[in-house]
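Trainee: Turn this into a model:
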Amino acid sequence: MNIVQGGMAETGVTSDEPWVSDLNDPGPPGHVAQRSLHDLLLRATRHQVWRLRSQLPGAGPTDLEDLAQQAADDALVAVLGKLATFEGRSRFSTWVYKFGVLHAGVAVRRQAWRHREVALPDTFDVLDDGTAPEGYVQAGDLSRAVHVAIATVLTPHQRRVTLALLIEQVPIDVLAERLNTNRNALYKTLHDARQRLRTSLLASGHLDESSLRSAP
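Mentor: Here you go, the predicted structure:
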């Protein structure tokens, strides 16, 4: 079924089959389908870019439109690359829209951090409890234990990634770009680092298994 004949020229989806079959077509139907898909993605990226515009002080409408267009282009490539994974559990348009929102968010964060230095610290400040109440003293003790664990049980790469993401609050896609890697690799590094820290804090008595099992 051709997208134009099926009433999808304006991305009004009547069923998912024409989308998938036409996007897999190497001929004119495929080209029409990609243009319609790009229009749908652009609506998603425009919405998300404008929603996040407070993160881009000084950006005007032209700047925001450029970001939305770039994000839609990237999202289109991503959708086409993942087309075989679409299982029909939701509307195709709903599935696609999420790609637009994701890539728009990435574009905004990268632009916001474009001229900012990405700190890759090897350590962080420990809470100084001084003569604070008991609760603060306990927090300081845990903070020092975490500090020691980070310094001793993590590899240098795990330490830099963990502190950049959790302490410096660097967006993961920005860090991936600066380190010439990808989000999945950083997620794996952070997961491994957390496992090491958990093991160390359990061994030192600063965590216990029962509290971990009861944690949400």
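
Trainee: And what about Arg89, helix, strand or coil?
Mentor: The three-state label given to Arg89 by DSSP: H, G, I helix; E, B strand; the rest coil is coil.

Trainee: contacting residues for it?
Mentor: Taking C-beta atoms under 8 Å, 6 or more residues apart in numbering, we find Arg89 in contact with no residue. C-betas here are computed from N, CA, C, even on glycine.

Trainee: What lies in contact with stretch 56-64?
Mentor: Arg46, Val49, Trp50, Arg53, Leu67, Val108, Gln111, Ala112.

Trainee: So which of those is surrounded by the most neighbours?
Mentor: When neighbours are counted by other C-beta atoms under 10 Å, Val49 leads these with 29 neighbours.

Trainee: what sits up against stretch 115-122?
Mentor: The contact list for stretch 115-122 (C-beta under 8 Å, 6+ apart) reads Ala151, Pro156, Arg159, Arg160, Leu163, Ala164, Ile167, Glu168, Val170, Val174, Leu175, Arg178.

Trainee: repeat that with 10 Å
Mentor: Here stretch 115-122 makes contact (C-beta atoms under 10 Å, 6 or more residues apart in numbering) with 150-151, 154, 156-157, 159-164, 167-171, 174-175, 177-179.

Trainee: Then stretch 169-181?
Mentor: 102-103, 105-114, 116-120, 157, 160-161, 163-165, 168, 182-187, 189-190.

Trainee: let's see 8 Å
Mentor: In contact with stretch 169-181 (C-beta under 8 Å, 6+ apart) are residues 106, 109-110, 113, 118-119, 161, 164-165, 182-183, 185-187.

Trainee: how about the residues you listed in JSON lines, adding neighbour count?
Mentor: Formatted as JSON lines, these follow (neighbours: other C-beta atoms under 10 Å):
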{"residue": "Val106", "neighbour count": "21"}
{"residue": "Arg109", "neighbour count": "19"}
{"residue": "Arg110", "neighbour count": "18"}
{"residue": "Trp113", "neighbour count": "18"}
{"residue": "Val118", "neighbour count": "14"}
{"residue": "Ala119", "neighbour count": "12"}
{"residue": "Val161", "neighbour count": "27"}
{"residue": "Ala164", "neighbour count": "23"}
{"residue": "Leu165", "neighbour count": "18"}
{"residue": "Asn182", "neighbour count": "13"}
{"residue": "Arg183", "neighbour count": "14"}
{"residue": "Ala185", "neighbour count": "12"}
{"residue": "Leu186", "neighbour count": "19"}
{"residue": "Tyr187", "neighbour count": "14"}
